[in-house]
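Asks: Have a look at this prediction, sequence included:
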Amino acid sequence: VQLVESGGGLVQSGGSLTLSCAASGFAFADYSMAWVRQAPGKERELVSGVSSEDGSTREGDFVQGRFTISRDHSKNTVSLQMNSLKPEGSAIYYCAPRYSCASPVSLAWGQGTQVTVSS
């Protein structure tokens, strides 16, 4: 399993970023995909997830409609468009396969991509 996240960087509060994840080594179409973040000193938390079957999504309570997750089965990629970013959104963002959108268990991890939101 290989997961390669990209697209992180430094952005001002209120700005936008698009994260991308290239997945390989497993049956991408069979798994839900999630974006999970971890800030220093905090536990990992779900940002957003998208199902494998019908494209349904779920998001963490803090997202409040600001982010959009999407997946491309032809390219085995999953993306996260993040708008109206806040300083508390600074974290390492990971993509991870899950058995379902409702599952709290991530099955593999990449190296993550750092997002820093300045105030």
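Replies: Nice, thanks for sending it over.

Asks: which element is the residue most central in space within the chain on?
Replies: Geometric centre of the chain, nearest residue: residue 35, 2.1 Å, by Cα atoms, centre = their mean. For residue 35, the element it lies in under DSSP states H and E is strand 32-38.

Asks: what packs against that strand?
Replies: Strand 32-38 is packed against strand 17-24, strand 45-50, strand 67-72, strand 77-82, strand 91-98, with contacts defined by 3 or more Cβ pairs under 8 Å, 6 or more residues apart in numbering; DSSP states H and E. Glycine gets a C-beta too; all of them are placed from N, C-alpha and C.

Asks: excluding its backbone neighbours, what's nearest the residue nearest to the centre of the chain?
Replies: residue 47 (4.2 Å; Cβ to Cβ, 6 or more residues apart in numbering).

Asks: what's the answer for residue 70, then?
Replies: residue 79 (5.2 Å).

Asks: picking up where we left off before, the strand holding residue 35 to strand 45-50, inter-axis angle?
Replies: 160 degrees (axes from the mean of the first three to the mean of the last three Cα atoms, to 10 degrees).

Asks: So for strand 32-38, mean pLDDT?
Replies: Across strand 32-38, pLDDT averages out at 98.

Asks: what separates that strand from the chain centre, distance-wise?
Replies: 4 Å (Cα atoms, centre = their mean, to the nearest Å).
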